[in-house]
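Engineer: Turn this into a model:
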Amino acid sequence: MLRKFLIALSLLALPSLAQAADITGTAKVRDGDSVVIGNTRIRLGGIDAPSSDQLCLNTNTERWTCGIAARDELAKYTEGKNWVCHTRAIDRRGRTVARCEVGGEDIQKWLVRSGWALAYTRVSHDYEPDEAAAREAKAGMWQGAFIAPWDWRVRNKKTTILGATKPPEGAHAVLLASASGPVAPSPDCTIKGNVNTAGECIYHQPTSRWYTQIKMKISKGTRWFCSVEEAEAAGCRETKR
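Structural biologist: Below you'll find the model as predicted:
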């Protein structure tokens, strides 16, 4: 009986997730809604940002890598700043779901209001006013046309297109494509980009010796480009072979 009592007492003493210690420090941005602080993988709660290989259309109905833009804008905005994340749960992928502040600012609120993420209303309505403000200002993704991140992950030809721009004919074909999928997102976007062992981004035109050997897969850091200018603007150099 005494042993059972001591076990029960120790369980009561364990902190709940709501009372868990805050996670603090500088963060490595992995995606528009996920970061790593120390050894802890964090999913920013209450929002959903485009995946790194998601494509959107801009005001001129041209494709652009909005997922990469969301990631890069978050990294640039928070560079060198201290994060304080309040744990809310652990998701099915083992990530800590948290509300985070950067320099005292609600970073989820900033992402949604800047148009780099949407309010994830399946779990929270906290950021709906910020999404409305971003939509009104045509900020970030709202400048053109896009698919909600949660719909893009299970997309099909009937998936709803959002944004300020009236989708042109054929928009679904572009928006349903992936910037790093095995098939080029359009006939005009056939330049392959990959990362070599030295961490350099290299682009390969169809005439490149290694072109056919490069397998397009986001986990390997590959992506499609529509022009040499786009590849070089992303920090890539042409292969030497």
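Engineer: host element of Thr121?
Structural biologist: Using DSSP states H and E, Thr121 sits within no helix or strand.
Engineer: Surely it touches Glu128?
Structural biologist: Yes - in this structure, Thr121 is within contact of Glu128 by C-beta atoms under 8 Å, at 6.6 Å. Bear in mind the C-beta positions are built from the backbone N, C-alpha and C, glycine included.
Engineer: low-confidence ranges in the chain?
Structural biologist: 1-19, 186, 218-220, 233 (pLDDT under 70).
Engineer: So what are the structural domains in it, by residue number?
Structural biologist: Following the TED database, one gets these domains for the chain: 22-176, 191-238.
Engineer: Between the two ends of the longest one, how far is it?
Structural biologist: Between the opening and closing residues of domain 22-176 we find a distance of 38 Å, counting by C-alpha to C-alpha, to the nearest Å.
Engineer: try the last one
Structural biologist: This stretch, domain 191-238, spans 10 Å end to end (C-alpha to C-alpha).
Engineer: excluding its backbone neighbours, what's nearest Ser34?
Structural biologist: Counting by C-beta to C-beta, 6 or more residues apart in numbering, Ser34 lies nearest to Arg43, which is 5.3 Å off, once chain neighbours are set aside.
Engineer: Report the distance from the strand or helix carrying that neighbour to the chain centre.
Structural biologist: Assigned by DSSP H and E, Arg43 belongs to strand 40-44. Remark: strand 40-44 is offset 12 Å from the chain centroid, using C-alpha atoms, centre = their mean, to the nearest Å.
Engineer: Can you give the contact residues for the next helix or strand after that strand?
Structural biologist: Downstream of strand 40-44, the next assigned helix or strand under DSSP H and E is strand 47-48. Residues outside strand 47-48 that contact it (C-beta atoms under 8 Å, 6 or more residues apart in numbering) are 33, 108, 111-112, 117-120, 127, 148-150.
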